[in-house]
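Enquirer: Compute the structure for the input listed below.
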Amino acid sequence: MAYRMLDISKWQSTFNAELAKQNGIHTVISRCAYSTSKDSKWDSFSDAIKSSGMNFGCYGFTVSHYKSVSTNLADARTKIFSELESWIELAQNAGVNSWFAIDQELEANQQMVLSKDENTTLLIDACDKAKNAGLNPCVYCSAAWAMQYIDLERFKYPLWIAYYYKYGTDLDFTNSSASFPTGTYGQFLASLGTQLAAWQFTAEGYGKLYGAGSD
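Expert: Predicted structure coming up:
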């Protein structure tokens, strides 16, 4: 069964959890931190989500794989474990009861320091650590990133995939396609089966309809 889910962070200036619930949102995933820095909206957003009774997940943005941060897998593991310690504490104290996502991507002017095999090892170790802390880990990334940097023969944790297949077209839950789009990335999404925890199909949707404000 498919559920409606939102992700929010400090980039949403406000969040009306009751409006989100009223309009059919099942789960909200709030950013807890950028690396080891707590998201400035974490405390207020997490309180609102919990009070609403919706499922409550969180995600942390890792920089452990950046060439500007690490020089090898050992460095990256040390960095992501440091990040995870802060994320896990925030999640446990706030009462997270849904996905605990590791957000892995590259910001502008950053470079990837790890090979596909090394990165897969890093993510497995990170998910293992979160699971051992009693959380429900998954990895958030783009479809292209997963294909390039995660060996799915080895990586068995769930994936939350971003694939925005209709740029310039606002997509609501009710007018997005029920099936995956055609093409390489659509085929990749379909191939994941139950390993696909969530599909983020747009960044241009109707956030305000679901209580998510924006600067």
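
Enquirer: isn't Ser82 right up against Gly60?
Expert: No: using CB atoms under 8 Å, Ser82 is not in contact with Gly60, being 11.2 Å away. Placement of C-beta: from N, CA and C, glycine included.

Enquirer: who has more neighbours, the two?
Expert: Taking other CB atoms under 10 Å, Ser82 and Gly60 do not tie; Gly60 has more neighbours (29 against 13).

Enquirer: and the most centrally placed residue in the chain, which of the three is it?
Expert: Centroid-nearest residue in the chain: Tyr140, 3.9 Å away (criterion: CA atoms, centre = their mean). Here Tyr140 is strand, with the state taken from DSSP: H, G, I helix; E, B strand; the rest coil.

Enquirer: give the contact list for it.
Expert: Contact partners of Tyr140, counting by CB atoms under 8 Å, 6 or more residues apart in numbering, are Tyr59, Ala101, Ile102, Asp103, Gln104, Leu159, Trp160, Ile161, Ala162, Gln200.

Enquirer: Next secondary structure after the lengthiest helix in the chain?
Expert: In terms of residue count, the longest helix belonging to the chain (DSSP state H) is helix 73-94. Sequence order places strand 99-103 as the next helix or strand after helix 73-94, per DSSP states H and E.

Enquirer: C-alpha coordinates for whichever helix or strand comes after that next one, CSV please?
Expert: Under the assignment DSSP H and E, the closest C-terminal helix or strand after strand 99-103 is helix 116-132. Provided in CSV are the C-alpha atoms of helix 116-132 (Å, rounded to 0.1, in the frame of the first residue of the first chain):
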residue,chain,number,x,y,z
LYS,A,116,31.3,2.6,-5.7
ASP,A,117,32.6,-0.3,-3.6
GLU,A,118,33.9,1.9,-0.9
ASN,A,119,30.8,4.0,-0.7
THR,A,120,28.6,0.8,-0.5
THR,A,121,30.7,-0.3,2.5
LEU,A,122,30.3,3.1,4.1
LEU,A,123,26.5,3.1,3.7
ILE,A,124,26.2,-0.5,5.0
ASP,A,125,28.3,0.4,8.1
ALA,A,126,26.2,3.5,8.7
CYS,A,127,22.9,1.7,8.3
ASP,A,128,24.1,-1.1,10.6
LYS,A,129,25.0,1.5,13.2
ALA,A,130,21.5,3.1,13.0
LYS,A,131,19.8,-0.3,13.1
ASN,A,132,21.8,-1.3,16.2
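
Enquirer: report the angle between the axes of helix 116-132 and helix 73-94?
Expert: 30 degrees (axes from the mean of the first three to the mean of the last three CA atoms, to 10 degrees).

Enquirer: 21 is where my numbering starts, stick with that
Expert: Sure, I'll start counting at 21 from here, so that last one is helix 136-152.

Enquirer: quick one: helix 136-152 to chain centroid distance?
Expert: Put simply, helix 136-152 sits 15 Å off its chain's centre (CA atoms, centre = their mean, to the nearest Å).

Enquirer: Determine the set of other helices and strands touching that helix.
Expert: Helix 136-152 sits against helix 93-114, strand 119-123, strand 156-162, helix 163-169, with contacts defined as 3 or more CB pairs under 8 Å, 6 or more residues apart in numbering; DSSP states H and E.
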